[in-house]
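Peer 1: Fold the following for me, if possible:
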Amino acid sequence: MRLGAITAEIPRKVAPPVHSALEPLAESSSARPVSPVELIQQKQPTTNAQKIALFAYYREKVEGLARFSRGDLESYFAKAKQPPPGNYGRDFQQAVSLGWIYEDGADSYLTTKGLEAVEAGFAGKAQPRGAAIKKRAAKKKTGPKSKARASKRP
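Peer 2: Now for the predicted structure:
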């Protein structure tokens with residue numbers, strides 16, 4: 001009786017793939033891509049500037065398109081089932097002013113600060129605007145007077 005050589009394969013441990021910040025979120029076959037509607041529900045942006053930064057994030061992480069022009073992000077409001085902004089140019093400029101987007105024509109991109117803001121859900125901060133600012137300003141004007149009146153009462 002002759003015994004043949006037994007060869008056993010030693011299983012190798014394979015490291016999981018490393019995903020860089022620029023690869024799409026839904027690259028693996030087991031994960032489903034996130035829709036713009038779902039991303040809005042997860043991150044809860046409250047201002048149009050926040051939504052614009054979120055759309056730049058979506059383009060980069062889900063669609064794999066890191067660069068964009070100012071007008072490229074405007075169509076994402078409809079894709080996300082959001083009402084279009086009344087003044088898109090102003091809102092885009094606010095996202096640029098906040099440092100979330102670097103504007104360079106067709107080579108604009110989401111900054112590291114913008115990426116961190118989106119991933120943090122904008123730190124849960126809603127930025128007051130419009131009527132909310134006016135209401136707060138009115139309270140500040142009437143606030144000290146009402147306190148002075150309250151202290152004079154016995």
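Peer 1: Might you report the residue contacts of the closest residue to Leu65 other than its chain neighbours?
Peer 2: In space, and not counting its chain neighbours, Leu65 is closest to Arg59: 4.5 Å by Cβ to Cβ, 6 or more residues apart in numbering. Quick note: C-beta positions are derived from backbone N, CA and C, even for glycine. Arg59 sits next to 65-66, 68, 72-73, 76 when contact means Cβ atoms under 8 Å, 6 or more residues apart in numbering.
Peer 1: Go again with 10 Å.
Peer 2: Residues near Arg59 by Cβ atoms under 10 Å, 6 or more residues apart in numbering: 24, 36, 65-68, 72-73, 76, 109-110.
Peer 1: can you check Leu39 too?
Peer 2: Listed by Cβ under 10 Å, 6+ apart, the contact partners of Leu39 are 25, 45, 51, 54-55, 57-58, 61-62, 76, 80, 118.
Peer 1: Which two of the residues you listed have the greatest separation?
Peer 2: Farthest pair in the contacts of Leu39 (Cβ to Cβ) is Leu25 and Lys51. Separation: 18.0 Å.
Peer 1: out of the two, which sits in the busier spot?
Peer 2: Lys51 (23 against 17; other Cβ atoms under 10 Å).
Peer 1: State the distance from that one to Ala138.
Peer 2: According to Cβ to Cβ, to the nearest Å, Lys51 and Ala138 sit 28 Å apart.
Peer 1: coming back round to it: after the strand or helix carrying the residue nearest to Leu65, next one along is what?
Peer 2: Element membership for Arg59, per DSSP states H and E: helix 48-61. Next along the chain after helix 48-61, taking DSSP H and E as the criterion, comes helix 76-79.
Peer 1: Pull out the buried positions in the next helix or strand after that next one.
Peer 2: Later in the chain than helix 76-79, the nearest helix or strand by DSSP H and E is helix 88-97. Neighbour-count burial for helix 88-97 flags 88, 91-96 (criterion: 16 or more other Cβ atoms under 10 Å).
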